[in-house]
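# Coordinates for the following, if possible.
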Amino acid sequence: MTSTPLHWKLVVDAHDPHAQADFWAAALGYEVEDHSVLIGKLLGLGSIPPEILTDHHGRRAWRDAAAVRHPDDPYDAESGAGLGRRLLFNRVPEPERKTAKNRLHIDLHGPAGRRDTEVERLGALGARVRDHVRGPGGEWVVMTDPEGNEFCVH
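Alright, predicted model coming up:
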């Protein structure tokens with residue numbers, strides 16, 4: 001039996017989903033999704049209350065969620081949601097301080113020989129270096145995003 005590939009997105013808990021979306025869009029060269037068309041339609045129908053919305057980048061957005069998508073991937077023009085490589089950030093009430101290592105993280109692979117330049121660029125966006133790893137399997141830098149989520153730069 002041959003299975004059909006599944007569509008998926010990586011969902012990340014966040015305290016400020018919009019700041020996280022801005023960081024990761026800049027880090028990855030992705031686009032922050034624009035859901036304002038769908039939001040306007042739902043508001044017009046009276047399907048959603050305005051309290052669940054915010055203004056972000058001069059347009060209506062979900063208060064508790066934001067997403068980024070790869071600029072070359074398809075997206076639904078009506079909802080603004082990406083249909084390919086996508087990260088979704090959902091607001092959570094847990095404290096900002098994490099106490100354990102991520103069980104899932106993103107590895108970034110920039111141009112060969114440019115890891116240090118990429119680490120500097122990401123640092124300017126708000127990331128922090130946690131560790132520089134050298135071992136038999138290679139070399140990489142462990143960084144954290146502005147909310148402390150770990151990722152690696154190879």
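# which stretches of this protein have low pLDDT?
6, 95-101 (pLDDT under 70).
# What segments of this protein are strands?
In the chain, the strands defined using DSSP state E lie at 10-14, 31-32, 53-56, 59-62, 65-69, 86-91, 106-108, 128-135, 138-144, 150-153.
# Do I have it right that residue 146 meets residue 19?
Yes. Counting by C-beta atoms under 8 Å, residue 19 is a contact partner of residue 146 at 6.4 Å. Using the backbone N, CA and C atoms, a C-beta is placed for each residue, glycine as well.
# burial measure for residue 32, as a count.
Neighbourhood size, residue 32 [other C-beta atoms under 10 Å]: 20.
# shouldn't it be in contact with residue 26?
No. Between residue 32 and residue 26 there is no contact under C-beta under 8 Å: 9.4 Å.
# Report the beta-bridge partners for the closest residue to residue 132 other than its chain neighbours.
Nearest non-adjacent residue to residue 132, counting by C-beta to C-beta, 6 or more residues apart in numbering: residue 141, 5.4 Å away. Counting by DSSP bridges, residue 141 is bridged to residue 132, residue 153.
# which residues does residue 141 contact?
Residue 141 is in contact with 115, 119, 129, 131, 132, 133, 152, 153, counting by C-beta atoms under 8 Å, 6 or more residues apart in numbering.
# Most neighbours out of those, which is it?
residue 153 (23 neighbours).
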